[in-house]
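In: predicted structure and sequence below. I'll ask about it afterward.
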Amino acid sequence: MPSKLIRKQPRPSQRQDILKTAKNLKMARSAHAYVRGSTLRFYDWLNEVKSTSLPEGPAIWICGDCHIGNLGPVANSDGKIEIQIRDFDQTVIGNPSHDLIRLALSLAMAARSSDLPGVITAKLMEVLVQGYESAFLAEADAKVGKKPKSVRVALKSAHRRTWQELARERVEGKTVRIPLGKRFWPASKHERQVIGELFQEADAQELVTSLRHRSDYAKVKMLDTAYWMKGCSSLGFLRFAVLLDAGGQAVEQSDLCLFDIKEAVTAAAPRYRNASMPRDNAERVVEGARQLAPHLGMRMKAARVLDKPVFMRELLPQDLKLEIDHVSEAEAIRAARYLARVVGLAHAQQMDEPTKAAWSAELARHRSRTLEVPSWLWSSVVDLVASHERAYLEHCRRYALAEQPIEF
């Protein structure tokens, strides 16, 4: 049955039904969007495929959900910006080939959404492997080709963005409040109390004062908080935006501090059985982020809110995600090579030289003599594209035709 239109701000008890509908509609927008929101289908496939059919990499931290939208410009505490992995909900110690397959699937579906011919998908897989393997060479610090336009645009925007611009997007003018509406919903009295108490704890205050040259002794005060409807696969879990004043200086928007608090759930990504990881999901996410993307990981802390593990970080104006939905053939090829290299560098920085050499040899061992694309990667992407295309059409039939847009 069609969902009812919600014209008032939803109460906490109404969130789950609305979020479920929003997620289903978001996944129905395109096959590429469906891939981003259907991580469990990807993990089910990984668990069913024979482990011997994939190269077995070293036990390192992997993203676990390495699609295009989870890479982008990230700033460190000193303002230096790099393209890195930026989402770690599914991070585990596992097989690095899983990240490569997930990225390849994402690129293949983006190519399909852009109506690019199938031969381009084959080319994407070829340059993706080249870009990834280049991260393990002696000259890994050298540039690999021209940055794709999407990356250049994102980096340019990141370098230019100021806190005032971020504030205009997230803060309601002179009232110093988070604007309630489509994305931000009212937090309950209890939620506000718990989050306010969180930022009085020493660990949270240390994180607040660690950025933007704030005084270590600055008093932290919560100005406002709201439930945040953000993401796709994570819709339905706790997510809060928090406005803070550090040191009583929030007289202008440039002095405000905006934090993101997100629930850390059990990772569904396959992991190596003997891997030693933090049992607490929030600590797992933070550790994975520090290993794969230090710019972001060093700005994160694990905590608990409403008896659930959460991780939190201050949002910086430079933190953006890549948007690669409709691209040309040349742009798609450049993006595949460049983004694969980013993932390769994230993996390589966790390995010593012998481990890098062994992993490079393992990748070469699985390369076919007749195809430029490794057979394991090509067959994986073909299987996954076929299954996701079928599932996407069925998803559209079940949800996109039945649901009505939600209004606020």
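Out: Good, I have the coordinates.

In: ok, then the element right after the helix-or-strand element of the chain with minimal mean pLDDT?
Out: Least confident helix or strand of the chain, by mean pLDDT, DSSP states H and E, is helix 163-170 with a mean of 51. Once the chain leaves helix 163-170, the next helix or strand it forms, by DSSP states H and E, is strand 184-186.

In: got the CA coordinates for stretch 331-350 in CSV?
Out: These are the backbone C-alpha positions of stretch 331-350, laid out as CSV (Å, rounded to 0.1, in the frame of the first residue of the first chain):
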residue,chain,number,x,y,z
GLU,A,331,36.3,10.1,-18.0
ALA,A,332,35.2,6.6,-16.9
ILE,A,333,38.6,5.1,-17.8
ARG,A,334,40.5,7.9,-16.0
ALA,A,335,38.3,7.4,-12.9
ALA,A,336,38.9,3.7,-12.9
ARG,A,337,42.6,4.0,-13.0
TYR,A,338,42.8,6.8,-10.4
LEU,A,339,40.4,5.5,-7.9
ALA,A,340,41.9,2.0,-8.0
ARG,A,341,45.2,3.6,-7.2
VAL,A,342,43.8,5.4,-4.2
VAL,A,343,42.5,2.0,-2.9
GLY,A,344,45.9,0.4,-3.7
LEU,A,345,47.8,3.1,-1.7
ALA,A,346,45.4,2.6,1.3
HIS,A,347,46.2,-1.1,1.2
ALA,A,348,49.9,-0.7,0.5
GLN,A,349,50.6,1.6,3.4
GLN,A,350,49.8,-1.3,5.7
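
In: what about the helices in this protein?
Out: Assigned by DSSP state H, the helices in the chain fall at 15-27, 31-37, 39-48, 96-113, 118-134, 149-160, 163-170, 189-198, 202-209, 281-292, 294-297, 329-348, 353-365, 375-395.

In: show me what the longest one is packed up against.
Out: It refers to helix 375-395. helix 15-27, helix 31-37, helix 39-48, helix 96-113, helix 118-134 (3 or more Cβ pairs under 8 Å, 6 or more residues apart in numbering; DSSP states H and E). Every residue, glycine included, has its C-beta placed from N, CA and C.

In: what's the neighbour count on the residue lying closest to residue 341 once chain neighbours are set aside?
Out: Spatial nearest neighbour of residue 341, chain neighbours left out: residue 131 (4.1 Å); criterion: Cβ to Cβ, 6 or more residues apart in numbering. Residue 131: 24 surrounding residues under other Cβ atoms under 10 Å.

In: so who does residue 131 touch?
Out: 144, 336-341, 344 (Cβ atoms under 8 Å, 6 or more residues apart in numbering).

In: the residues you listed: which two are farthest apart?
Out: 336 and 344 (12.2 Å; Cβ to Cβ).
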